[in-house]
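Visitor: Okay, structure incoming, though there's no sequence with it:
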């Protein structure tokens, strides 16, 4: 049972991890995009639709990434160019994504596709206990882990990572260095939307292999919350996302074993765990929050540099 929970944690946590990594970059630029959930939804629908129409899961993932990116540009225009309230704008984009997918996804309900299959790595996949959990995952799950390392190196070992962090901390510093804070934010928002779209596409093309309305079920919002738990670090985002995935795998395992509890109560476990973790660690994480985010959460939207 523990082996299956670990394997399930990786699969269930991977779509959240993609979205969480994208949101790490967005928040490092001093923005909070609650519309991540909407980008995941349009990514899931686009990925499923293109895979169903072409038979290519790769094209489906690419389509999902592009769909998530395009929706995030709506948030970028309103929050960056028009300086609208970021939290309200994110919720509006979330609702927009929900409405778009509900309308265009009706014809894809109850369809099945052949998506991304797990890879069985020779020898390693036969290792007792850990083999099935770690070495029988699909290529996208491995890519998510690699992306976490790449983004950590980008943030802390490259000049552009320093510029991004400077923009989220003190935009005056980035501006004095000859960089446009708004351009940096645009790039961050676009990347965040792209990653959320990939996470949504993974959900429909590799995890469930079907489409239902609202299938992300709050995963995008959870990804935004887990960024706080991860201390805005890509590597810690891996642990945070797989912790949420493990809670999902646990509740599914309990239901499969016939535990005498309401399935609705069990389905609440991952979200209750997320809330509990935020209550415990939220105050500690405030000390490492990018300075620009304090204005967002403090409802102070004025910015000094265009």
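Guide: Great, that's in hand. Keep in mind it's a predicted model, so treat the numbers as computed, not measured.

Visitor: which helices and strands does the helix ranked longest in the chain pack with?
Guide: Secondary structure of the chain per DSSP state H: the longest helix is helix 2-28. Judged by 3 or more C-beta pairs under 8 Å, 6 or more residues apart in numbering; DSSP states H and E, helix 2-28 is in contact with helix 36-54, helix 130-134, helix 139-157, helix 159-169, helix 181-202, helix 219-229, helix 234-256. For the C-beta atoms, the positions are set from N, CA and C on the backbone; glycine is no exception.

Visitor: I'd like the mean pLDDT over the last one, please.
Guide: The average pLDDT within helix 234-256 is 90.

Visitor: what residues does the next helix-or-strand element following that helix touch?
Guide: For helix 234-256, the following helix or strand on the C-terminal side (DSSP states H and E) is helix 263-267. Here helix 263-267 makes contact (C-beta atoms under 8 Å, 6 or more residues apart in numbering) with 251, 254-255, 259.

Visitor: how does it look with 6 Å?
Guide: Applying C-beta atoms under 6 Å, 6 or more residues apart in numbering, the external contacts of helix 263-267 come out as 251, 254-255.

Visitor: I'd like to know which elements the helix or strand just after it is packed against.
Guide: Downstream of helix 263-267, the first helix or strand assigned by DSSP H and E is helix 269-285. Applying 3 or more C-beta pairs under 6 Å, 6 or more residues apart in numbering; DSSP states H and E, we find helix 269-285 packed against helix 219-229, helix 234-256.

Visitor: shouldn't residue 131 be in contact with residue 122?
Guide: No - Residue 131 lies out of contact with residue 122 (C-beta atoms under 6 Å); the separation is 10.6 Å.

Visitor: Can you check which residues contact both of the two?
Guide: With C-beta under 6 Å, 6+ apart as the test, residue 131 and residue 122 reach no residue in common.

Visitor: Contact partners for residue 184?
Guide: Taking C-beta under 6 Å, 6+ apart as the criterion, residue 184 is in contact with 29, 164, 167.

Visitor: and the last one, how far is that from residue 89?
Guide: The reference is to residue 167. With distances taken as C-beta to C-beta, to the nearest Å, residue 167 is found 19 Å from residue 89.

Visitor: quick one, which of the two is more surrounded?
Guide: Neighbours per residue (other C-beta atoms under 10 Å) separate residue 167 from residue 89, with residue 167 holding more: 30 against 24.

Visitor: In this structure residue 35 contacts residue 94, no?
Guide: Yes - with contacts counted by C-beta under 6 Å, residue 35 reaches residue 94, the gap being 5.0 Å.

Visitor: Neighbour count: the two, which is higher?
Guide: Using other C-beta under 10 Å as the criterion, residue 35 and residue 94 rank with residue 35 on top: 34 against 24.
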